[in-house]
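Undergrad: Quick one, what's the 3D model for this:
(chains A and B)
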Amino acid sequence: MSVDQEKLEHLVEQMPTFPQSAQRVMEICADINYSTQELVSIIERDPIITLKVLKLVNSAYFGLSKKITSIKHSVVYVGSNTIKNIAIAITTIGILPKVAQAGVSRTHFLTHSLTTAVLSRLIGRSKGIPENELTNFYIAGLLHDIGVILTAQLVKSEYKQAIDLARTETLPLHMAEQQVLDFNHAEASALLVEKWQFPETLVSCIRNHHKIDLLDNPSAMENAVFIANQLSKMMEDDENRISAVEAIPEATQLWLGSPIETVIESLPDFSGEMERIKAFMSL
Amino acid sequence: MQITFYGVRGSIPSPGPDTVRYGGNTTCIDVVTDNGDRIILDGGTGIRQLGLDMMDQLPLSCSIFITHTHWDHIQGLPFFTPLFVPGNKVDFYGAFDPVYMKDLRTILAQQMEYCYFPIRENELKATLSYNSLQEGDKITVGSATVTCILLNHPVLNFGYLIEADGKRFFFTGDNESPINIYNPEDDDYAEFQGLIEERESHIIDFIRGVDCIVIDAQYTKEEYFKNKVGWGHGYFESSIRLAEKAEISQVHITHHDPTRTDSQLDSIFSQLAQQGAIPQGMHVSPAKEKYTIYL
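TA: All right, here's what the predicted structure looks like:
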């Protein structure tokens, strides 16, 4: 097996990020009177910068006694200027090519991650989850597939085979990965956030996002991210979708209540959030 | 415990007739326990004179805790004479810089590179050690313990709590209490405010009831809100309020702005008193070079 935590962790260091955020971070940071609010909103939309910032602020270097689980939280604890300088360092690594390794489209990946993040939060809110917990729903949605882009870089040709298999057989990607690589991206994503000691609920939510049917009692976060992930895939064009939509297990359907097709209509902020994603993607 | 200010100025030294009473050297505080153990907080330009004052006690041993590595807190170190004397022992403590991935030794050695200074760090004759700290680390220095807490400044800055002889003393280094980056009508305002309050109570719990605090307040309230938000320093009222919340009655304000004259400092403090900005029972004064606090 050629995918392990150490190799993945090493890859994160060298991972370039998305042009939308890299360019805005550089523009914002070139202005001495930059807006922290805008900087936060850009970083929060980028799974790679988010992952790296949270990794660093939770690292032994800061040694904070408190777990930092969001970008806003990071700003309050280590200061906006430090976050700004961390973001600059990340963006200077470069930007992801349009088609990243193994044929993963960066635009598709970012849109899917962001849509899942936003929907996870909206679904959680609609189920009455307190606002302070919704941050983790968003982060789990944003990072749930981070293992895709990293594993694709680690084992390029095998990953391409897995994507091709998922497409031709209309399989969910993790099943194709399992067949070809004896590994899947949910595990890869979880290994990273686990290594960096993200909250346990967030780690297990990411780890379980394709095996929720095996859980006796999925958490609200696990349910919300699962549903958000399926909705996000349902919104994709056939040609962009690299992973098939999965059936909703009974327990998750019970938690959700209404049929999945009607969920989106019931989310009050949905269209505004989608507009913001669209605007970000066109930067 | 004896606490003596050797440097009280922020940003850059400001010698001259207008600053002669409070002093123009940048940050350095000398703390000596009843047992004679010496802890030096920061190595701004004030540490030069401190080094000279220490030279009649050779060979000597001291621990220097760096709050953060901005110039005004390290610039005096190449002129700290005890570093050049064989037999002396100096232990440095401070944060690792996670943005540029440099440890304290690298940072301090870089300011002694040949283009900046004629003597390189590895030519220093004293026995030196460098120790990276993480938040909450507790270091024993003879009869004292020193514990660090992360405060808010545009670089990693530790405040240090020194406990010895049954007394507790806290120095912030540079610190700005975070303010909400959102407007009250924004969706994210409440969440951010909650995080700020949680963090502030963490700090207040850490310093609650210390016998004395030396706290950064570089600006007046007007200066701060005009164009200094985010610069990493407090203003007089914000620092007094933090001390009040932490139930601290002896407060020394430091990191005086380099443009601040002695007479301006005097008038700011008399105004604060007249305006009722100083809570009853709290003694607040501007830190003054060579002034000693006895705890």
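Undergrad: Scan chain B for its longest helix.
TA: Scanning chain B for the helix with the most residues, using DSSP state H, yields helix B:189-207.
Undergrad: Hey, what's the angle from whichever helix or strand comes after that helix to helix B:189-207? Just curious.
TA: Per DSSP states H and E, the first helix or strand lying C-terminal to helix B:189-207 is strand B:212-216. For strand B:212-216 against helix B:189-207, the angle by axes from the mean of the first three to the mean of the last three Cα atoms, to 10 degrees is 140 degrees.
Undergrad: Partner strands of strand B:212-216 and their direction?
TA: Note on strand B:212-216: by DSSP bridges, its sheet partners are strand B:167-171 (parallel), strand B:250-254 (parallel).
Undergrad: hang on, the earlier thing: wait, does the longest helix of chain B contact chain A?
TA: Yes: Helix B:189-207 reaches chain A (Cβ under 8 Å from any Cβ of the partner chain) through B:Ala190, B:Glu191, B:Phe192, B:Gly194, B:Leu195, B:Ile196, B:Arg199, B:His202. Quick note: C-beta positions are derived from backbone N, CA and C, even for glycine.
Undergrad: could the strands paired with strand B:212-216 be laid out in a markdown table, adding mean pLDDT and mean neighbour count?
TA: Below are these laid out as a markdown table (pLDDT from 0 to 100; neighbours: other Cβ atoms under 10 Å in any protein chain shown):
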| stretch | mean pLDDT | mean neighbour count |
| --- | --- | --- |
| strand B:167-171 | 98 | 23 |
| strand B:250-254 | 98 | 22 |
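Undergrad: Turn these into TSV, columns for distance to A:Thr36.
TA: Shown next, in TSV, are these (distance: least, Cβ to Cβ, whole Å):
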stretch	distance to A:Thr36
strand B:167-171	27
strand B:250-254	26
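Undergrad: residue contacts, the single nearest residue of the stretch 101-250 of chain B relative to chain A?
TA: The minimum distance from the stretch 101-250 of chain B to chain A, using Cβ to the nearest Cβ, falls at B:Gln134 (2.4 Å). Going by Cβ atoms under 8 Å, 6 or more residues apart in numbering or on different chains, B:Gln134 touches A:Ala60, A:Tyr61, A:Phe62, A:Gly63, B:Cys148.
Undergrad: Measure how buried the last one is and give me the count.
TA: Each residue near B:Cys148 was counted by other Cβ atoms under 10 Å in any protein chain shown, and the total is 25.
Undergrad: Show me what it bridges to in the sheet.
TA: B:Tyr160.
Undergrad: Does it touch B:Asn131 like I think?
TA: No: using Cβ atoms under 8 Å, B:Cys148 is not in contact with B:Asn131; the gap is 11.0 Å.
Undergrad: Need the pLDDT of A:Glu239.
TA: A:Glu239 carries a pLDDT score of 82 in this model.
Undergrad: for A:Met1, same thing?
TA: The model reports A:Met1 with a pLDDT of 50.
Undergrad: How about B:Val99?
TA: Note on B:Val99: pLDDT of 88.
Undergrad: my guess is it meets A:Lys84, correct?
TA: No: using Cβ under 8 Å, B:Val99 makes no contact with A:Lys84, being 9.5 Å away.
Undergrad: Which helix or which strand is home to B:Ile293?
TA: Using DSSP H and E, B:Ile293 falls within strand B:292-294.
Undergrad: What is that strand packed up against?
TA: Using 3 or more Cβ pairs under 8 Å, 6 or more residues apart in numbering or on different chains; DSSP states H and E as the contact criterion, the elements in contact with strand B:292-294 are strand B:2-7.
Undergrad: how does it look with 10 Å?
TA: With contacts taken as 3 or more Cβ pairs under 10 Å, 6 or more residues apart in numbering or on different chains; DSSP states H and E, strand B:292-294 sits against strand B:2-7, strand B:28-32, strand B:212-216.
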